[in-house]
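Visitor: Let me see the structure of the following:
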Amino acid sequence: MFTQRRKALLESLPPDSYAVIFAAPEKTRSNDTEFLFRQDSDFYYLTGFNEQNACLVLVSDTQEAILFCQEKDPTAEIWHGRRLGVEQAADTLGMTKAFGFAEISEHLPNIIRGIGQCGYMFGQQRVFLDTIDPILLSLRNTPKAPDSAPVNLFDITPILHRSRMQKSDAELALIRRSCDIAANAHKAAMRACQPGLSEATLEAVLHYHFALEGARLPAYNSIVGGGDNACILHYTVNNQPLREGDLVLIDAGCEYEGYASDITRTFPVNGQFSPAQAELYDVVLAAQAAAIARCVAGNQFADMQHAALEVLVAGLIDLGILHGTVEDNIDQQTYRAYYMHGIGHFLGLDVHDAGIYQHKGEPTKLQPNMVLTIEPGLYIARDSECPEQYKGIGIRIEDDVVVQHNGCEILTSGVPKTRAQIEALMGEAYRDPLCPSQA
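Guide: Model prediction:
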């Protein structure tokens, strides 16, 4: 699979060119400790290799894939973990050849000498300048051979990210598993929820169930917002008590074998929606259904957004929060006081995955096997000018879907989202999977 991806990128490169893609750097957390290493998504997409201090070089004319990676080092491996090493890298990863990363300045000039164009990922400019620029400068200064260095630099990001937009069957299988794990964790959090718990407790339940099913880490910082904390779109403090009569919004997904899930559900802390909460919730749920109905190959994100907007705005007018016609409110964007984000985003190796939303000014059309989120919401701040019963309520409903020719497959349908389904699930007792005899 990784060999095929490299081959596709090689075939997309212009003649007389090469491309350089770096692994993610190690990042310091504090003093002499580091954050848990997470590989650069583009590098992983092309290699399946999960070590730092590595660089992939692809040469278009020879169709070579060359890896620079860490040498075996018994002492370092005792402290920091096993390395694949140069000797095994080529065969294990399907590379043409491999060299030590510390030897890049020795071997790379011989590989790229005389090739006219150099492609790299503009987001990796700092490491490119630190590592590759001195090599290019030395080639440029070769006596009587100025054409040893490339005459053009170009960005390979659009080429690579276009290939990442439509998922293979293997990728879809991993994303489905990620979504199933996250769905089970959301259901556990619903069962565990009760007044008096902390937002942090539900966060812990989520992460516990992620890990139990093989997804050690969340795909992003989990959002657990009770009450009007749900009106903060990227709330991650997660340290407030959950109060009787409030809703709680959970936006959380896990990462499984590198692939993300992203689910949002909003539900009552005490297990029962109040009348005002129910009215707003049903508007958001209907808006999501309208957007999902427009999620079909050939349509655009804007088609889904507009379908959701018509429902949201009509609902806000019916509840006395907005006034006037649906068309006027959409034209004047009055709804942005209560719904201020887009309908969704691409999903894959990154939770906000690689994808091109516009090309040369034209919106991207949805294609089969694109994976994306659909997530309308309403956020009624406490200082809003609206009927009192709606103030301080934040609601978002988010599912992950695969675009198909005649609609879409909802990958996260395992998590209840109608009010009746949610209230029924919350009436069930929470059970710890590691304590099957729990009463």
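
Visitor: alpha carbons only for contacts and neighbour counts from here, please
Guide: OK.

Visitor: Please, which helix or strand holds the residue found closest to T266 once you drop the neighbours it is linked to in the chain?
Guide: Distances taken as CA to CA, 6 or more residues apart in numbering put L249 closest to T266, at 4.3 Å, once the chain neighbours are dropped. L249 is part of strand 247-252, with elements assigned from DSSP states H and E.

Visitor: per-residue confidence averaged over that strand?
Guide: Averaging pLDDT along strand 247-252 gives 98.

Visitor: partners of it in the sheet?
Guide: Here strand 247-252 is paired, per DSSP bridges, with strand 223-226 (antiparallel), strand 263-268 (antiparallel).

Visitor: three-state assignment of G214?
Guide: Of the three states, G214 takes coil under DSSP: H, G, I helix; E, B strand; the rest coil.

Visitor: So what's the residue count around it?
Guide: Neighbourhood size, G214 [other CA atoms under 10 Å]: 15.

Visitor: need the contact list for it.
Guide: Counting by CA atoms under 8 Å, 6 or more residues apart in numbering, G214 touches Y256.

Visitor: re the thing from before, report the contact partners of the residue nearest to T266.
Guide: I223, V224, G225, G226, A230, T264, R265, T266, F267, G394, I395, R396 are the contacts of L249 under CA under 8 Å, 6+ apart.

Visitor: I'd like to know how many residues surround the fifth one.
Guide: Using other CA under 10 Å, A230 has 27 other residues around it.

Visitor: L378 is in contact with that one, correct?
Guide: No - contact criterion CA atoms under 8 Å: A230 and L378 do not qualify, at 9.7 Å.

Visitor: Now do the shared contacts for the two.
Guide: Counting by CA under 8 Å, 6+ apart, the residues touching both A230 and L378 are G394, I395.

Visitor: Can you flag the buried ones in the contacts of L249?
Guide: I223, V224, G225, G226, A230, T264, R265, T266, F267, G394, I395, R396 (16 or more other CA atoms under 10 Å).

Visitor: closest to V415 among those?
Guide: Nearest to V415 among the buried ones among the contacts of L249 is R265, at 8.2 Å by CA to CA.

Visitor: what pairs with that closest one across the strands?
Guide: Beta-bridge pairing for R265 (DSSP bridges): I250.

Visitor: what residues are up against it?
Guide: Contacts for R265 (CA under 8 Å, 6+ apart) come out as H186, L249, I250, D251, R396, I397, E398, K417.

Visitor: Now do the same contact list for the first one.
Guide: The one in question is H186. Per CA under 8 Å, 6+ apart, neighbours of H186: L206, I250, R265, V415.

Visitor: Could I get those residues in a markdown table, plus columns for distance to L13?
Guide: Formatted as a markdown table, the contacts of H186 follow (distance: CA to CA, whole Å):
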| residue | distance to L13 |
| --- | --- |
| L206 | 43 |
| I250 | 43 |
| R265 | 43 |
| V415 | 43 |
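
Visitor: Tell me how the chain divides into domains.
Guide: 2-163, 166-426 (automatic domain parsing).

Visitor: So for L434, which of those sits nearest?
Guide: Nearest to L434 among the domains of the chain is domain 166-426; the distance by CA to CA comes to 9.1 Å.

Visitor: Run through the stretch 301-439 of the chain and note the low-pLDDT ranges.
Guide: For the stretch 301-439 of the chain, the stretches flagged by pLDDT under 70 are 437-439.

Visitor: so where do the helices sit in it?
Guide: Counting by DSSP state H, counting those that start in this stretch, one finds helices in the stretch 301-439 of the chain at the ranges 301-318, 326-332, 419-426.

Visitor: wait, which of those helices is closest to L108?
Guide: helix 301-318 (42.8 Å).

Visitor: The strands paired with strand 247-252 into a markdown table, with extra columns for mean pLDDT and distance to N406?
Guide: Compiled in a markdown table, the strands paired with strand 247-252 are given as follows (pLDDT from 0 to 100; distance: least, CA to CA, whole Å):
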| stretch | mean pLDDT | distance to N406 |
| --- | --- | --- |
| strand 223-226 | 98 | 33 |
| strand 263-268 | 98 | 23 |
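
Visitor: what's the closest of those strands to A24?
Guide: Set against A24 and scored by CA to CA, the strands paired with strand 247-252 come closest in strand 223-226, at 25.6 Å.

Visitor: can you tell me which residues contact the residue nearest in space to the middle of the chain?
Guide: In the chain, the centroid-proximal residue (CA atoms, centre = their mean) is V351; its distance is 0.6 Å. Neighbour list for V351: A219, Y220, A260, S261, D262 [criterion: CA under 8 Å, 6+ apart].

Visitor: In strands only, show me those residues.
Guide: Secondary structure from DSSP state E places A260 of the contacts of V351 in strands.

Visitor: In CSV: the contacts of V351, plus neighbour count.
Guide: What follows is these, written out as CSV (neighbours: other CA atoms under 10 Å):
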residue, neighbour count
A219, 22
Y220, 17
A260, 29
S261, 33
D262, 29
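
Visitor: Just name the closest of the contacts of V351 to I21, please.
Guide: A260 (22.0 Å).

Visitor: what residues are up against the closest one?
Guide: I175, S178, C179, A219, G253, C254, L347, G348, L349, D350, V351.

Visitor: and of these, the nearest to H405?
Guide: For the contacts of A260, the residue nearest H405 by CA to CA is L347; the value is 18.4 Å.

Visitor: Alpha carbons of stretch 44-64, as CSV, please.
Guide: Only the C-alpha atoms of stretch 44-64 are listed here, as CSV (Å, rounded to 0.1, in the frame of the first residue of the first chain):
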residue,chain,number,x,y,z
TYR,A,44,3.4,8.3,7.4
TYR,A,45,1.0,8.2,4.4
LEU,A,46,4.0,7.5,2.1
THR,A,47,6.1,5.3,4.3
GLY,A,48,4.2,3.7,7.2
PHE,A,49,7.4,4.5,9.2
ASN,A,50,6.9,5.8,12.8
GLU,A,51,10.3,7.1,13.7
GLN,A,52,11.7,10.6,13.9
ASN,A,53,15.0,11.8,12.3
ALA,A,54,14.0,10.5,8.9
CYS,A,55,13.7,11.8,5.4
LEU,A,56,12.2,10.3,2.2
VAL,A,57,13.6,11.3,-1.2
LEU,A,58,11.7,10.4,-4.4
VAL,A,59,13.4,10.8,-7.7
SER,A,60,11.1,11.1,-10.7
ASP,A,61,13.3,10.0,-13.6
THR,A,62,14.7,6.8,-11.9
GLN,A,63,11.5,6.1,-9.9
GLU,A,64,13.7,5.6,-6.8
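
Visitor: got the buried residues for it?
Guide: Across stretch 44-64, burial judged by 16+ other CA under 10 Å covers 44-60, 64.

Visitor: that older thread, return the most buried member of the domains of the chain.
Guide: Of all the domains of the chain, domain 166-426 carries the top mean neighbour count, a mean of 20, counting by mean count of other CA atoms under 10 Å.

Visitor: How far off centre is stretch 29-44?
Guide: Taking the mean of its C-alpha atoms, stretch 29-44 sits 17 Å from the chain's own mean (CA atoms, centre = their mean, to the nearest Å).
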